[in-house]
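Undergrad: Here's my sequence, what's the structure:
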Amino acid sequence: MNCGIIRAAMQIFRGLHSPDNQQLALTIGNFDGVHLGHKALLEHLQSAASESGLTTAAIIFEPHPREFFTPDQAPARLTNLREKLEQFAALGLNRVHVCRFDKKLACTSATDFIDAIFTKLSARHVLIGDDFRFGNARGGDFALMEKIGLQQGVTVKSMNTVIQDGIRISSTAVRLALSEGNLHLAQRYLGRFYSVSGHVQHGEKVGRKLGYPTANIQFKHNRCPMRGVFVVRVRIENGSMLEGVASLGVRPTLELKGKPVLEVYLFDFKQDIYGKHLRVDFMHKLRDEMKFSNLETLTKQISLDVEHAKDWFKQNGN
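TA: Take a look at the predicted model:
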């Protein structure tokens with residue numbers, strides 16, 4: 001992953017170590033989606049850091065702990081690592097510690113984990129979600145960290161859940177909205193359009209043969225939070241924003257057991273962008289993913305999808 005642009009404003013470290021003795025205002029979590037609840041927590045962290053002259057930092061885990069313990073039951077990712085780091089940088093976080101979640105970390109006791117962040121990372125203010133659990137067998141919680149913090153002179157605070165329209169804003173709530181095709185609700189929970197980013201890969205060139213060449217982005221974790229055909233807005237790295245239509249799913253017409261792939265058709269665009277990094281914003285859902293009897297029927301439907309997407313942009317502007 002090329003994190004050059006990210007590093008220009010934010011430091012990224014692997015594991016629980018620090019190259020200096022800067023004292024930190026620290027938060028810990030998975031932050032999947034970096035939704036409004038996460039943003040509220042980071043705003044409180046920044047306020048506390050400013051008052052005490054501390055450096056802001058977050059500890060995140062890769063892979064997600066549920067992907068480690070129960071990979072077949074783990075929820076679909078809302079953000080990959082790069083997307084998460086880009087969101088953190090945009091929100092003004094100073095540092096991120098990416099911890100590999102493996103057997104060693106899973107077996108680390110709650111007290112040893114607390115000791116590591118208090119001593120190795122020089123944390124002086126810790127802010128965590130009110131339901132955060134950590135350590136071997138999830139044995140650690142806010143009460144334990146607060147108790148040890150009092151003994152070592154570290155301030156430990158909890159952040160209450162953010163509620164919107166009676167709904168607890170969470171990664172689960174965002175996934176549910178996306179699975180139901182409710183992009184508007186997901187956008188409200190995220191505070192931005194739901195997006196997927198990745199590098200354009202070579203595919204089977206089926207779209208090109210049908211007259212609709214697509215930029216393909218493969219999902220690394222083999223699961224996506226929603227499926228269907230969507231109106232999208234696309235930014236190519238170091239380029240302008242373009243309009244298009246995208247299919248997100250397993251391509252049932254072409255494959256029996258396909259892996260999730262994002263296929264994006266950009267309007268009036270003919271440049272070679274293989275290897276380029278794209279960010280795809282999902283604006284509106286056109287329809288569910290469908291299996292067609294033949295390629296001719298599929299081509300006719302793609303033509304309709306393109307027409308409907310262009311009409312949507314005309315009616316809704318930019």
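Undergrad: How many residues are close by Asp272?
TA: Using other Cβ atoms under 10 Å, Asp272 is surrounded by 7 other residues. In this view, the C-beta of every residue, glycine as well, is placed from N, C-alpha and C.
Undergrad: any idea what it is structurally, helix, strand or coil?
TA: Classification of Asp272 using DSSP: H, G, I helix; E, B strand; the rest coil returns coil.
Undergrad: Please point out which parts of stretch 145-160 sit buried.
TA: For stretch 145-160, burial by neighbour count (16 or more other Cβ atoms under 10 Å) applies to Met145, Glu146, Ile148, Gly149, Val154, Val156, Lys157, Ser158, Met159.
Undergrad: An error on my part: the question was meant for stretch 173-187.
TA: Ala173, Val174, Arg175, Leu176, Ala177, Leu178, Gly181, Leu183, Leu185, Ala186, Gln187.
Undergrad: Out of those residues, which two sit at the greatest distance?
TA: Taking Cβ to Cβ, the two most distant members of the buried residues of stretch 173-187 are Ala173 and Gly181; they sit 14.8 Å apart.
Undergrad: downstream neighbour of the lowest-mean-pLDDT helix or strand in the chain in the secondary structure list?
TA: Ranking every helix and strand in the chain by mean pLDDT, DSSP states H and E puts helix 4-7 at the bottom, with a mean of 45. Using DSSP states H and E, the helix or strand that follows helix 4-7 in sequence is strand 11-14.
Undergrad: Report the rounded mean pLDDT for whichever helix or strand comes after that next one.
TA: From strand 11-14 onward toward the C-terminus, using DSSP H and E, the following helix or strand is strand 24-28. Strand 24-28 comes out with an average pLDDT of 97.
Undergrad: partner strands of strand 24-28, parallel or antiparallel?
TA: Sheet pairing for strand 24-28, assigned by DSSP bridges, gives strand 55-62 (parallel), strand 123-129 (parallel).
Undergrad: and the residue nearest to the spatial centre of the chain, helix, strand or coil?
TA: The centroid of the chain falls nearest to Thr79 when counting by Cα atoms, centre = their mean (1.6 Å). Secondary structure assignment for Thr79 (three-state DSSP): coil.
Undergrad: Show me which positions of the longest strand along the chain end up buried.
TA: When the chain is parsed with DSSP state E, its longest strand is strand 277-287. Buried residues in strand 277-287, counted by 16+ other Cβ under 10 Å: His277, Leu278, Arg279, Val280, Asp281, Phe282, Met283, His284, Lys285, Leu286.
Undergrad: possible to save these as TSV with pLDDT?
TA: Output for the buried residues of strand 277-287, formatted as TSV (pLDDT from 0 to 100):
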residue	pLDDT
His277	93
Leu278	94
Arg279	95
Val280	97
Asp281	97
Phe282	97
Met283	96
His284	96
Lys285	97
Leu286	97
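Undergrad: Same list (these) but as TSV, adding distance to His64.
TA: Output for those, formatted as TSV (distance: Cβ to Cβ, whole Å):
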residue	distance to His64
His277	22
Leu278	23
Arg279	21
Val280	22
Asp281	23
Phe282	22
Met283	27
His284	29
Lys285	26
Leu286	30
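Undergrad: re earlier: next, the angle strand 277-287 makes with the helix or strand that the longest strand of the chain is followed by.
TA: Beyond strand 277-287 on the C-terminal side, the first helix or strand identified by DSSP H and E is helix 295-316. Angle, helix 295-316 to strand 277-287, by axes from the mean of the first three to the mean of the last three Cα atoms, to 10 degrees: 100 degrees.
Undergrad: helices or strands next to helix 295-316 in the packing?
TA: Here helix 295-316 touches strand 228-236, strand 241-249, strand 277-287, going by 3 or more Cβ pairs under 8 Å, 6 or more residues apart in numbering; DSSP states H and E.
Undergrad: partner strands of the first one, parallel or antiparallel?
TA: Sheet pairing of strand 228-236 (DSSP bridges) gives strand 241-249 (antiparallel), strand 277-287 (antiparallel).
Undergrad: Touching it from outside, list them.
TA: Strand 228-236 is contacted from outside by 181, 183, 193, 215, 241-249, 264, 266, 273, 276-289, 305, 308-309, 312-313, using Cβ atoms under 8 Å, 6 or more residues apart in numbering.
Undergrad: In that strand, which residues are buried?
TA: Neighbour-count burial for strand 228-236, counted by 16+ other Cβ under 10 Å, picks out Gly228, Val229, Phe230, Val231, Val232, Arg233, Val234, Arg235, Ile236.
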